[in-house]
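Any chance you can model this:
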Amino acid sequence: MATKNNTSNILKKSTVITLTGLKKISLNEWYSGKHWSKRKQIKDLYFWAIKSQFKHVFQKTGKYIVSYEFFYRVQPLDASNTIAQVKLVEDIIFEDDRWDIIEKIEISSRKADKDYIRIVVTELI
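Below you'll find the model as predicted:
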């Protein structure tokens, strides 16, 4: 089945966000029977850690493409295994994350000399 690529949107502005101090969480760990209160505790820690580094919220009136680059000092996660972290971050930096607001995400994961996440949010017009 062929899919239509929406090329009518024009890139408007990119914002680069670098986040440090966030606990590495694999998707496997997130859904391995962890009690909801533990997941809530992690969500709260993410909220305060992210808000201390990035206060802006991307509005639901925009459309975005988002690139997440995960850098790990020890045992990098598979790119697909970082999706729990993607969702935690996304829920904090975006007012809404519906399919028609965040049109595309890209995820990469690699080894580095320190742990951090680099996020590039590109607004479309």
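
ok now the helix-or-strand element of the chain with minimal mean pLDDT, how far from the chain's centre?
Sorting the helices and strands of the chain by mean pLDDT, DSSP states H and E puts helix 27-30 at the bottom, at a mean of 85. With Cα atoms, centre = their mean, to the nearest Å as the basis, helix 27-30 stands 15 Å off its chain's centre.

Could you list the buried residues of the next helix or strand after that helix?
Sequence-wise, the next helix or strand downstream of helix 27-30 (DSSP states H and E) is helix 36-51. Neighbour counts over helix 36-51 (16 or more other Cβ atoms under 10 Å) mark Ile42, Tyr46, Ala49, Ile50 as buried. Quick note: C-beta positions are derived from backbone N, CA and C, even for glycine.

Over to stretch 55-74?
Applying 16+ other Cβ under 10 Å to stretch 55-74 flags Phe58, Gly62, Lys63, Tyr64, Ile65, Val66, Ser67, Tyr68, Glu69, Phe70, Phe71, Tyr72 as buried.

any residues touching the least confident helix or strand of the chain, and which ones?
Residues from elsewhere that reach helix 27-30, judged by Cβ atoms under 8 Å, 6 or more residues apart in numbering: Arg39, Ser80, Asn81, Thr82, Ile83, Ala84.

Would you list the buried entries among the residues you listed?
Asn81, Thr82, Ile83, Ala84.

For Trp36, see how far away the second one is.
In this structure, Thr82 and Trp36 are separated by 21 Å, where distance is defined by Cβ to Cβ, to the nearest Å.

middle-most residue in this protein, spatially?
Val86 (3.2 Å; Cα atoms, centre = their mean).

Please report the distance of the nearest residue to that residue once chain neighbours are set aside from Lys40.
In this structure, Val86 finds its nearest non-sequential neighbour in Tyr68, 5.4 Å apart by Cβ to Cβ, 6 or more residues apart in numbering. Tyr68 is 22 Å from Lys40, where distance means Cβ to Cβ.
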